[in-house]
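**Q** Here's my sequence, what's the structure:
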Amino acid sequence: MSLIRIMTHNQWKIDQNRPEWEEKGYDCSSAVRTKGFARVFSDICPDIVGAQEVSPRMAEHLMEHLGARGLNYAILWGRDTPIFYRPDKFELVDSAFSLYPEEFPGHEGIFNNQKTKSYCIGVFRVKENGKLFIFASTHLWWKSSKDQPYSNEARAYQLGLLIERTDALQKKYSCPAIIVGDLNAGYDSDALKRAFDSGFSHAHDLATDYADDSVGLHYCFGEGFYDYYYDYPFERAIDHILLKGEGATVRRFERFSPEYYLPLSDHSPAFIDIEI
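**A** Residues are numbered from 1 along each chain as shown. Next up is the predicted model:
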């Protein structure tokens, strides 16, 4: 078995500094915030990362800052949902990408704002032992059903499309599947129920050594950021790591919420240590 650290990381897609930030003496531009993300990578040392809300400029800046720190990552580009991985540890065997449809069949409305909601999948071989695993990064529709009817159901539909794709890959490669990302849905949501009914389990529930109960959310948007994290119960977290299949054991589930991360993104990274 090989111990692998897997992370999910919503990076808040914004490239230029905002006047509101500049007036307060802060800078939310991609060039500045990705320096902080590189520090996160250095502190956590993830082997593979499923990211969300990543612009091409953000990806370019982050790769530059990672290189400056001597960190070797490759990128599997998937628009807003790319995968960063260590090529010294993994071989990319197969991959897939898809935008979620703008329409939710049978319901009025658009459920993919500016075509930012998607999934990116890689099938990876662990070089140390030859084992395969499927890894998917995704970002689901964001509005509540109160603001736009059927949004909860739309998220479940979108996640179902990804699950269908991972199921097909599991049949082909006979290996565990891991889905990470910003699902914009809590533990008791229709989307998570869709995953659980399909045989996926939450890494938090599977962790044998430690399971973090924080939500890893705080206010960080165009108007500025708060200097504290929300004290919500675990069930309100929206960044998740899900696992299906035999041959993998989750040891640790944790969210990373240091003080220096507060002006970087409204989502704290979550990571697991898993044996494959």
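
**Q** wait, doesn't P269 sit right on T8?
**A** Yes - taking contacts as C-beta atoms under 8 Å, P269 lies within contact range of T8: 6.7 Å. To be clear about C-beta, it is placed using only N, CA and C from the backbone, and glycine gets the same treatment.

**Q** Look at these two and report which has more neighbours.
**A** Using other C-beta atoms under 10 Å, the more surrounded residue of P269 and T8 is T8, with 29 against 26.

**Q** Let me know the pLDDT of that one.
**A** pLDDT, T8: 99.

**Q** Bridge partners for it, pull those for me.
**A** G50, A270 (DSSP bridges).

**Q** Report the contact partners of it.
**A** Residues in contact with T8 (C-beta atoms under 8 Å, 6 or more residues apart in numbering) are 49-52, 137, 180-182, 239-241, 269-271.

**Q** got a markdown table for those residues, with distance to C28 too?
**A** Below are these laid out as a markdown table (distance: C-beta to C-beta, whole Å):
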| residue | distance to C28 |
| --- | --- |
| V49 | 21 |
| G50 | 23 |
| A51 | 17 |
| Q52 | 17 |
| S137 | 23 |
| V180 | 24 |
| G181 | 22 |
| D182 | 18 |
| D239 | 20 |
| H240 | 25 |
| I241 | 27 |
| P269 | 18 |
| A270 | 22 |
| F271 | 24 |
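
**Q** just those now: which is nearest L71?
**A** V49 (11.3 Å; C-beta to C-beta).

**Q** residues shared between the contacts of P269 and T8?
**A** Shared contacts of P269 and T8, defined by C-beta under 8 Å, 6+ apart, are found at D239.

**Q** T249 touches E275, doesn't it?
**A** Yes - using C-beta under 8 Å, T249 is in contact with E275, at 4.5 Å.

**Q** What segments of the stretch 1-150 of the chain are strands?
**A** 3-10, 48-52, 74-76, 83-85, 90-99, 118-126, 132-139 (DSSP state E, counting those that start in this stretch).

**Q** Could you provide those in TSV, with additional columns for distance to T208?
**A** Below are these laid out as TSV (distance: least, C-beta to C-beta, whole Å):
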stretch	distance to T208
strand 3-10	13
strand 48-52	20
strand 74-76	29
strand 83-85	24
strand 90-99	23
strand 118-126	20
strand 132-139	18
